[in-house]
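In: build me a model:
(one chain, ligands or ions: 2)
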Amino acid sequence: MPSYVYDFVEGNKDLKDLLGGKGANLCEMTRLGLPVPPGFIVSTDACRVYLSTGAEPPELGRQIAEHLHLLEGRMGQQLGDRDDPLLLSVRSGAKFSMPGMMETILNVGLTDTTIAGLIRHSGDERFAWDAYRRLIHMFGKTVYGVPDELFEHALDVAKRAAGASNDLGLSAGQLHELVDEYKKIFAAHAGRDFPQAPHEQLQLAVRSVFDSWNSERATVYRRQERIPADLGTAVTVMAMVFGNLGANSGTGVAFTRDPATGARGIYGDYLANAQGEDVVAGIRNTLSLQELEQLDPRSFGQLNRIMDRLEHHYRDLCDIEFTIERGKLWMLQTRVGKRTAAAAFIIASQLVDEGVIDLDEALRRVSGEQLVRLMFPAFDLSHADPPIATGIPASPGAAVGRAIFEAHRAAAESGPTILVRRETNPDDMPGIVAAQGILTSRGGKTSHAAVVARGLGKTCVCGAEALDVDVDARQFTVDGVTVREGDVISIDGTTGNVYVGELPVRPSPVVRYFEGELSPLADPLVAAVDRLVGHADAKRRLGVMANADTPDDARRARRFGAAGIGLCRTEHMFLGERRMLIERLILATDEQARQAALDELLPLQRNDFIEIFRELDGLPVVVRLIDPPLHEFLPALADLTATVAAAQARGEDPGRDGELLVAVRRMHEQNPMLGLRGVRLGLVIPELFAMQVRAVAQAAAVRVAAGGNPRPEIMVPLVGTMIEVPRAALTAAEIATAADFFSFGTNDLTQMGWGFSRDDVEAAFFPRYLQLGIFGASPFETIDRTGIGRLIRIAVAEGRAARPELVVGVCGEHGGDPESVRFFHEAGLDYVSCSPYRVPVARLEAGRATVL
Ligand code: PEP
Ligand code: MG
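Out: Ligands and ions are numbered 1, 2, ... in the order given. Coordinates of the predicted model:
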């Protein structure tokens, strides 16, 4: 019979698939002998059965009852006992952390009957009613969908009536009245009274945690984080410990290092006399752990020792949740903590210095996606007015956008926005995803807004307390300045500063380092990037080239570490003034006129190549012969038709426009992407390719004569050295007999393999596809391993079988996409070629691919 329930003593940290991250780590802490309240875990297997069949597995009820019985034995308390009731927390926990996206219900087991026992045993009536009102609120919201605001409103009314500024100002009697009010709200919306059977509470709570896997915010979060939709969540059921038992109790969250900068030392927020989610929800302002040291030095000392132990055990930054119940410390959660991209690099490098991990492991702990984030610009403050406020720098970056005060409006806006809230909650997820940045007036570095923003790589400033945010009026005020919805603001997630208006931005230090403007020793981040990219270079098998077709790009490619140019798109050299020469070529009626146009193009092309070969002296430059159909260099058919018609209407001779129109009509194609382009054009107008090849050869000769070492390679687009149509991939063996190397044009290969127009679909229906979860990411961004990837594998194998020394690379956009780079490594390619700015990312990922 399958097991669906596991005791904390049965699991360990490696069982995240089965027990979820939270459950597995609670087991691990239990094994380490840390003070964890006893409990058990309902597995993700059970959740998956529930999600796919709509019902819990038949054995589940009995298995939960057995484990509950064991727990009761261990605690010496029973669920529903009227003298000394056991209370439980019921918490979600998937394999991958989804902070705040799913549900938690605390104090399960409290009823009108058991509350008397709780009052007697705790000796604290206020605490017991506080616990009960929290249960009805969380249970009502989670299990029966009672709107949060109704409970919040009733709480506000009670506070106002009591003249209390926060929940601590409510007395036992007032909380008792609030519980009665909550029960009415519950009954009105749930269509039944609040359940008075503790076992029913537990069963419904477990089910609603399962259901919360498919809540809208959880679904949005998973899509964003590319977490598979079918994993399901585990449910952790644990004996309650109470942080709301008076001033010597409290609850907190902490990190073993600063998750924003990587700075060592424990770091976090503490809230006295509070329970569970109060800290992250930003309800009251929190204390720092240094303040906890003053309040409760013994618990603080123990916390320090435990965190040190956890860091050593996990060999990484850990974050934890803890509760102090009347001076006794309890650990409620730990995990390897989320961090900013900068902190990921810095911490990985620090851990190497500390001898905790080696460089290969350090490489596993950073990613190309993170390096991409680090290459974003920051604000240029040289001419900026002073900030209007400073909050907590919770997630770095420089974000500019229109202030929007509600998540759904931010999600609906088309331009860049900054979501401004007093505090965020998980329902704000769609707005957080859509916004450039998040600004809140409440909450610390561990508030919901901060945690989620860091996970998504969004800029976030939180706890900017000077801001008086009025969501209803859609504005905030600070020191006499009013910012209304739609006004542009700038927020700096590195300093916490908030500015009115649009601030200019400057390049990131990481980019300046790659540009050669900053020494690798400039700051700890640059030093860590230098070290890890350097190690990746030492490990990687894949070469990294760049796509560049101007001398400027070529220089940057070289500075950023490219081993050459893998794609020089020559059609970019036919634009501007030179377009007229193409027109003349197309309009030429005889051989002589055509040759004259080509003769004028030749020296221009030769000079282009001379410059690029000079920049890349000693390194290979792959020159691709002209690819797009020629009509792309002519005026658009519709415009030209109108011009000619207008001239004719005026009784004038349209002259050259008339001739052009005839040519454009002759060459017009319904599907130019599938038309006369690439090698096909080369066959129909061979003189054009011939001119380009001559220009390459002459440029090389000029460079050799000047003492240089040019290394040109010539690439025939579509089907040739480039493999861009599926048939080319499938006939690679034959092509390899004529081609010295292959370069996959994965943009076209994706377009033609899927039958997706690369110019249209990403704007047309991909957003819907992404929303529906049909794609996790666009196949134009991340290579489709199963389909297009298979074409690539076939072509590599058959091409190399025909010509063993065949060099194989890729030059589509995928060459700079971290996940795709890992695929190209696995598929045995020799190199990737990508835009110059992506070269460091590809270097890093190519190195990581060897150690993953
Ligand atoms: C490609 O198709 O992947 C490619 C590199 O060529 P282009 O993007 O110029 O069509
Ligand atoms: Mg192409």
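In: which SS class is Phe96?
Out: Using DSSP: H, G, I helix; E, B strand; the rest coil, the structure places Phe96 in coil.
In: repeat that for the one 3 residues further on.
Out: The three-state label given to Pro99 by three-state DSSP is coil.
In: what is the mean pLDDT for stretch 172-183?
Out: Mean pLDDT, computed over stretch 172-183, is 97.
In: so how far is it off the chain centroid?
Out: Here the centre of stretch 172-183 is set off from its chain's centre by 42 Å, with CA atoms, centre = their mean, to the nearest Å.
In: now it: buried residues?
Out: For stretch 172-183, the neighbour count (16 or more other CB atoms under 10 Å) marks 174-179, 181-183 as buried. No exception for glycine: its C-beta is placed from N, CA and C like everyone else's.
In: now, which of those residues sits nearest ligand 2?
Out: Tyr182 (62.9 Å; CB to the ion).
In: next, the contact list for the closest one, please.
Out: 133, 136-137, 140, 151, 154 (CB atoms under 8 Å, 6 or more residues apart in numbering).
In: what do you get if the cut-off is 7 Å, keeping everything else the same?
Out: By CB atoms under 7 Å, 6 or more residues apart in numbering, the contact set of Tyr182 is 133, 136-137, 151, 154.
In: now the two most distant members of the residues you listed.
Out: Taking every pair in those and measuring CB to CB, the maximum separation is 10.4 Å, between Ile136 and Ala154.
In: those two: which has the busier surroundings?
Out: Ile136 (21 against 18; other CB atoms under 10 Å).
In: okay, that one and ligand 1: tell me how far apart.
Out: Using CB to the nearest ligand atom, to the nearest Å, Ile136 is found at 59 Å from ligand 1.
In: same check, this time on Thr424
Out: Thr424 sits 40 Å away from ligand 1, going by CB to the nearest ligand atom.
In: what are the contacting residues of the longest helix seen in the chain?
Out: For the chain, the longest helix by residue count, based on DSSP state H, is helix 591-615. The contact list for helix 591-615 (CB under 7 Å, 6+ apart) reads 551, 554-555, 558, 568, 573, 578, 581, 584-585, 588, 621, 623, 687, 691-692, 694-696, 698-700, 702-703, 708, 710, 712.
In: which of these count as buried?
Out: Neighbour-count burial (16+ other CB under 10 Å) is assigned, among the contacts of helix 591-615, to 554-555, 558, 568, 573, 578, 581, 584-585, 588, 621, 623, 691-692, 695-696, 698-700, 702-703, 708, 710, 712.
In: give me the three-state assignment for Cys316.
Out: Quick fix: residue 316 is Asp, not Cys. Here Asp316 is recorded as coil under three-state DSSP.
In: ok, the residue lying closest to it once chain neighbours are set aside - contacts?
Out: By the measure of CB to CB, 6 or more residues apart in numbering, the closest residue to Asp316 outside its immediate chain neighbours is Val336, 4.8 Å from it. When contacts are counted by CB under 7 Å, 6+ apart, Val336 touches 314, 316-318.
In: ok now stretch 231-248, how far from the chain's centre?
Out: Distance, stretch centre to chain centre, for stretch 231-248: 29 Å (CA atoms, centre = their mean).
In: wait, stretch 62-82
Out: 41 Å.
In: which bits of the stretch 201-350 of the chain sit near ligand 2?
Out: Contact residues, the stretch 201-350 of the chain versus ligand 2 (CB under 5 Å from the ion): none.
In: just to revisit the earlier point, of all the contacts of Tyr182, which comes closest to Tyr144?
Out: Closest to Tyr144, out of all of the contacts of Tyr182 and judged by CB to CB, is Ile136, at 10.4 Å.
In: and the residue lying closest to the closest one once chain neighbours are set aside, what are its phi and psi?
Out: Spatial nearest neighbour of Ile136, excluding adjacent residues (CB to CB, 6+ apart): Tyr182 at 4.3 Å. Backbone torsions for Tyr182, taken as degrees, to the nearest 10, come to phi -60, psi -40.
In: check the gap between Tyr182 and Asp479 for me.
Out: For Tyr182, the distance to Asp479 (CB to CB, to the nearest Å) stands at 39 Å.
In: just checking, Ala378 touches Val511?
Out: No - Ala378 is beyond contact range of Val511, at 10.1 Å (criterion: CB atoms under 7 Å).
In: if we can go back for a sec, looking at the contacts of helix 591-615, which are in helices?
Out: Judged by DSSP H, helices contain the following of the contacts of helix 591-615: 551, 554-555, 558, 581, 584-585, 687, 691-692, 694-696, 698-700, 702-703.
In: go back to the residues you listed and keep what's next to ligand 2.
Out: Residues of the ones in helices among the contacts of helix 591-615 in contact with ligand 2 (CB under 5 Å from the ion): none.
In: quick one: low-confidence parts of the protein?
Out: For the chain, the stretches with pLDDT under 70 are 277, 279-283, 445-446, 455, 457, 763, 771.
In: near ligand 2, which residues of it?
Out: So the chain meets ligand 2 at 724, 745, 748 (CB under 5 Å from the ion).
In: before we move on, back to that, give me the beta-bridge partners of the residue nearest to Asp316?
Out: Cys318 (DSSP bridges).
In: quick one: it and ligand 2, what's the gap?
Out: 41 Å (CB to the ion, to the nearest Å).
In: before we move on, the earlier item: show the buried residues in the contacts of Val336.
Out: Those of these that meet the buried threshold are 314, 316-318, by 16+ other CB under 10 Å.
In: from those, which is closest to ligand 2?
Out: Lowest distance from ligand 2 to these (CB to the ion) belongs to Asp316, with 42.1 Å.
In: please name the residues that touch the spatially most central residue of the chain.
Out: For the chain, Leu456 is the residue whose C-alpha lies nearest the centre (CA atoms, centre = their mean; 4.2 Å). Contacts for Leu456 (CB under 7 Å, 6+ apart) come out as 224, 432-433.
In: any idea which of those has the most stuff around it?
Out: Taking other CB under 10 Å as the neighbour criterion, Ile432 ranks highest of these with 28 neighbours.
In: so that one is in contact with Leu439, correct?
Out: No - using CB under 7 Å, Ile432 is not in contact with Leu439; the gap is 11.3 Å.
In: how about the helices in the stretch 401-550 of the chain?
Out: Taking DSSP state H, counting those that start in this stretch, the helices of the stretch 401-550 of the chain run over residues 407-412, 429-434, 448-456, 509-514, 524-539.
In: scratch that, the stretch 1-150 of the chain
Out: Using DSSP H, counting those that start in this stretch, the helices of the stretch 1-150 of the chain run over 16-31, 44-53, 60-75, 114-122, 125-144, 148-162.
In: which secondary structure element contains Gly566?
Out: Applying DSSP states H and E as the criterion places Gly566 in strand 565-569.
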